[in-house]
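Peer 1: Give me a model of this one.
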Amino acid sequence: MITMTKGRISKARQWAKSIKRDVHAVWLAARDPRTPWFVKVLALVVAAYAVSPVDLIPDFIPVLGYVDDIIIVPLGIMLVVRLIPPEVMNEHRETAAKATGQPVSRMAAGVFIAIWIVCAILLVRLLH
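Peer 2: Numbers count the residues shown, from 1 in each chain. Next comes the predicted model:
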């Protein structure tokens, strides 16, 4: 049996917080005029997927359900972070860090759900 030390748990929590902060920072950077257009598109897709309640693989599927949450999203965030100019990313990381702890927008959640529903309907129509 593998036991996690307090240090590993602490590192995992810190990593999760940094990913959460970077999701917000990527969202902000995607709207920044200093970010190249192709990075904006990728950033918006990654950020929307990261905060969307709809997953590529539903979470109720054992083990596989969390693959996107622990592998796909962080890899997408790391790719986008590397493509965003460092000075832009640093600025938006500071803004995102300051925003931590503020209330969550239910309106934004509703918008994302609506976007995913529309995408699903369009995909179904396209396939038929």
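
Peer 1: would you list every one of the strands in this protein?
Peer 2: Shown for the chain, no strands are assigned by DSSP state E.

Peer 1: which intervals of this protein have sub-threshold pLDDT?
Peer 2: For the chain, the stretches with pLDDT under 70 are 1-4, 101-104.

Peer 1: Contact partners for the most centrally placed residue in it?
Peer 2: When CA atoms, centre = their mean is applied to the chain, the residue found nearest the centroid is residue 50 (2.9 Å). By CB atoms under 8 Å, 6 or more residues apart in numbering, the contact set of residue 50 is 23, 73, 76, 77. C-beta coordinates here come from the backbone N, C-alpha and C atoms, glycine included.

Peer 1: and if we set it to 6 Å?
Peer 2: By CB atoms under 6 Å, 6 or more residues apart in numbering, the contact list for residue 50 reads 23, 73.

Peer 1: all numbers from here: first residue = 8
Peer 2: In the new numbering, first residue 8, that becomes residue 57.

Peer 1: Skip the chain neighbours and tell me the closest residue to residue 103.
Peer 2: Once flanking residues are discounted, residue 103 sits nearest to residue 31: 3.7 Å by CB to CB, 6 or more residues apart in numbering.

Peer 1: just checking, the one you found touches residue 102?
Peer 2: No - the pair residue 31 / residue 102 is not scored as a contact, 8.0 Å apart, by CB atoms under 6 Å.

Peer 1: Who has more neighbours out of the two?
Peer 2: Each of residue 31 and residue 102 has its neighbours counted (other CB atoms under 10 Å); residue 31 has more, 19 against 13.

Peer 1: Report the separation between the more buried one and residue 75.
Peer 2: Distance, residue 31 to residue 75, using CB to CB, to the nearest Å: 19 Å.

Peer 1: what do you get for residue 47?
Peer 2: Residue 47 is 22 Å from residue 75, where distance means CB to CB.

Peer 1: likewise residue 98?
Peer 2: Distance of residue 98 to residue 75, computed by CB to CB: 28 Å.

Peer 1: Which one's more surrounded, these two?
Peer 2: residue 75 (19 against 16).
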